[in-house]
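# Okay, structure incoming, though there's no sequence with it:
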């Protein structure tokens, strides 16, 4: 009986699934609650030139605002720390920005590219808690979540993707949002 | 016991406590295996033997290749262009999740990109021929700009309850797949859907070093019902992939690059376009081969030398190992296998696999589009490195399709040749079951 049901399910939906699938906004397919990130992604992005070396000229980003970061050739970028995942530099674009956390808690970085994201706190890279993407959703293409300390100026490093510009936001996850 | 602790000079990370223990089989104390590296932070790849400075450069290059996201041909041109036009993921790492097993499906919804849907056709004699003429070996669910993916895949799980002899209830989930948005013709009725999770790359070079004679001997053992995977090419033994369809790390890697990333290499010069798919076949190329030989070789070297990170050294003789043996798990998940780490240099590994094929029942068999199970044999999955999956802070997804959300669920899906072992596990007292599962999670 169950075998027949499996078969029926596959056979019917192979033929009929396309119509239903085409009407769905792919950005609704995140399984986390990303309504805040999607709302921020609808802002008009502010253009910012990402820094190509760590230091005082690294541009600041405000939380919950949308930016378009212009990046530089990765082999010309001096990172605060080596990227958490080294990649071949060929054609890759990279850059640095910074942001401040008032409170400790969960934060998300949402981007429209496949760049590897590092958040650097002094001499250490803070590991991500989790990440998500939704197939077909380009803005944002990827959301990475972190548990960050409060009262900190943190460095955001992007590396390992050929996209020379990336639309990006850093958001604080509100206390009521379920853990991802 | 002679135990040589090798501290590779280039490993200076404070996160690492590297100990590579060399086996000495001449003594009575059970040797620790080659390949295990006690490592607090398994994000950092470590080799299972010391490297020369030149080897270290190659190892690091291979690691970078493993992580690199490939770009469409000429966008920009260089060593890392040529992905697609059809693919599943842009980098090895995006599926193999920091070299661990894939993250896999969390629940109902779009299949994640690391769950690859392979295709086959049922032959009249019941065997499965891999691939279809129109879609090739793998349904590619992503495409570069200007091309359409071959299909989209959605999963729905149907829960079923298993009550154990002591009344404990375990909820299992069986996947159902929705294949939609096919870019070509409907799938033939005799198509077999073969969902596959990316396995860990831990220790694959050592698995390749297990002599074929050891596999033959295991298959001949009356306590082991498995068989050696004999591939079509005469004399070639399969040992990689969920069904031991690939003989070497090199062939497995080249196949994955061609079928799941649309990248040619010096081993496979055709990507996975089905025969009628001329548009795909005429797509711009990132060079021939698209993965330059030096990069491909470095990628192989990196995998060949990659160790198996473990949270701590497990004692070889333990109550849990005894439970594992008594239940019959170790008849297939063989605790030790011999390896030849270099010509004339022998050691043992503790991979908890026999690298043989076993029939595990209809419950986890692949199915055709009508839901009929097809003949499916599975290579015993290595259990070493399980602790890295458990400590990743992510939910674990086990078995070939990621349906099992825990070690216990995975065990309960075992049937066929594993019926007796599963039943013995089910009859253990709850505390013993927990103890055994916890031990497996620490391997």
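Perfect, thanks for sending it. All of these numbers come straight from a predicted model, not from anything done at the bench. Numbers count the residues shown, from 1 in each chain, chains lettered A, B, ... in the order given.
# what about the one residue in the stretch 201-350 of chain B that gets nearest to chain A, neighbour count?
Residue nearest to chain A within the stretch 201-350 of chain B (CB to the nearest CB): residue B:295, separated by 7.7 Å. The C-beta positions use only the backbone N, C-alpha and C, and glycine is treated the same way. By the measure other CB atoms under 10 Å in any protein chain shown, the count of residues near residue B:295 is 21.
# what do you get for residue B:41?
Neighbour tally, residue B:41, other CB under 10 Å: 13.
# Contacts only, for the residue nearest the centre of chain A.
For chain A, residue A:110 is the residue whose C-alpha lies nearest the centre (CA atoms, centre = their mean; 3.1 Å). Residue A:110 makes contact with A:34, A:37, A:40, A:41, A:140, A:142, A:143, A:144, A:168, A:169, A:171 under the criterion CB atoms under 8 Å, 6 or more residues apart in numbering or on different chains.
# mind redoing it with 6 Å?
Taking CB atoms under 6 Å, 6 or more residues apart in numbering or on different chains, we find residue A:110 in contact with A:37, A:140, A:143, A:169.
# Just the buried ones from these, in PyMOL syntax?
Buried members of those, defined by 16 or more other CB atoms under 10 Å in any protein chain shown, are picked up in PyMOL with:
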select buried, chain A and resi 37+140+143+169
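# Pull the number of nearby residues for the residue lying closest to residue B:165 once chain neighbours are set aside.
Leaving aside its chain neighbours, residue B:165 sits nearest to residue B:427 (5.5 Å; criterion: CB to CB, 6 or more residues apart in numbering or on different chains). Residues lying near residue B:427 (other CB under 10 Å) number 13.
# Looking at the contacts of residue A:110, which is nearest chain B?
For those, the minimum distance to chain B (CB to the nearest CB) is 14.3 Å, reached by residue A:143.
# doesn't the closest one fall inside a strand?
Yes. The assignment for residue A:143 by DSSP: H, G, I helix; E, B strand; the rest coil puts it in a strand.
# so what's it up against?
With CB under 6 Å, 6+ apart, residue A:143 has these contacts: A:37, A:108, A:110, A:132.
# If it is in a bridge, with which residues?
Assessed by DSSP bridges, residue A:143 has beta-bridge partners residue A:110, residue A:132.
# same check, this time on the one 10 residues further on
Per DSSP bridges, the residues bridged to residue A:153 are residue A:100.
# wait, it sits on residue A:102?
No. Applying CB atoms under 6 Å, one finds residue A:153 not in contact with residue A:102, separated by 11.1 Å.
# so where is chain A shaky, pLDDT-wise?
Within chain A, the ranges that satisfy pLDDT under 70 run A:1-23, A:178-180.
# Need the contact partners of stretch B:83-92.
Contacts of stretch B:83-92 (CB under 6 Å, 6+ apart): B:66, B:68-70, B:72, B:95, B:113, B:116, B:140-144, B:147, B:260-262, B:280, B:283.
# check these against chain A, which are close?
B:68, B:69 (CB under 6 Å from any CB of the partner chain).
# for chain A, what spans make up the strands?
In chain A, the segments counted as strands under DSSP state E are A:46-49, A:60-61, A:66-70, A:72-73, A:93-101, A:105-111, A:116-121, A:124-126, A:128-132, A:142-148, A:152-161, A:165-172.
# Output the contacting helices and strands for the fifth one.
So that's strand A:93-101. strand A:60-61, strand A:152-161 (3 or more CB pairs under 6 Å, 6 or more residues apart in numbering or on different chains; DSSP states H and E).
# Which members of the contacts of stretch B:83-92 occur in helices, if any?
B:66, B:95, B:260, B:280 (DSSP state H).
# Would you mind putting these into TSV with distance to residue B:87 and pLDDT alongside?
Formatted as TSV, those follow (distance: CB to CB, whole Å; pLDDT from 0 to 100):
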residue	distance to residue B:87	pLDDT
B:66	16	98
B:95	11	95
B:260	6	97
B:280	11	82
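# so which of those residues is the most crowded?
residue B:260 (27 neighbours).
# Give me the distance between the nearest residue to it once chain neighbours are set aside and residue B:118.
Leaving aside its chain neighbours, residue B:260 sits nearest to residue B:88 (4.4 Å; criterion: CB to CB, 6+ apart). According to CB to CB, to the nearest Å, residue B:88 stands 11 Å off from residue B:118.
# same check, this time on residue B:361
Per CB to CB, residue B:361 is found 20 Å from residue B:118.
# quick one, which of those two is more surrounded?
A side-by-side neighbour count of residue B:361 and residue B:118, using other CB under 10 Å, places residue B:118 first with 23 against 17.
# From the contact counts, what lies against the helix or strand hosting the more buried one?
Element membership of residue B:118, judged by DSSP states H and E, is strand B:116-122. The contact analysis (3+ CB pairs under 6 Å, 6+ apart) places strand B:116-122 against strand B:128-130, strand B:191-196.
# Touching that strand from outside, list them.
Strand B:116-122 is contacted from outside by B:88, B:128-130, B:132, B:135, B:137-139, B:153, B:190-192, B:194-196, B:260, B:368, B:374, using CB under 6 Å, 6+ apart.
# Run a quick neighbour tally on residue 54.
No chain was given, so I picked chain A. The local packing of residue A:54 (other CB under 10 Å) involves 17 other residues.
# Please refer instead to chain B.
Residue B:54 sits with 8 neighbouring residues when counted by other CB under 10 Å.
# Backbone dihedrals for it, please?
The phi and psi values for residue B:54, taken as degrees, to the nearest 10, are phi -70, psi -40.
# any idea how far it is from residue B:46?
Taking CB to CB, one finds residue B:54 at 18 Å from residue B:46.
# Same check on residue B:430?
37 Å.
# Most proximal residue of the stretch 151-300 of chain B with respect to chain A?
Here the stretch 151-300 of chain B gets closest to chain A at one residue, residue B:180, 2.8 Å apart by CB to the nearest CB.
# thought that residue was touching residue B:152?
Yes. At 5.1 Å, residue B:180 and residue B:152 qualify as touching, with contact defined as CB under 6 Å.
# and the residue nearest to residue A:69 when sequence neighbours are not counted, how far is that from residue B:77?
For residue A:69, ignoring the flanking residues on the chain, the nearest one in space by CB to CB, 6+ apart is residue A:50 at 4.6 Å. With distances taken as CB to CB, residue A:50 is found 24 Å from residue B:77.
# which one of these two has more residues nearby?
Ranked by neighbour count (other CB under 10 Å), residue A:50 and residue B:77 place residue A:50 first, with 24 against 14.
# Good, we can wrap up now.
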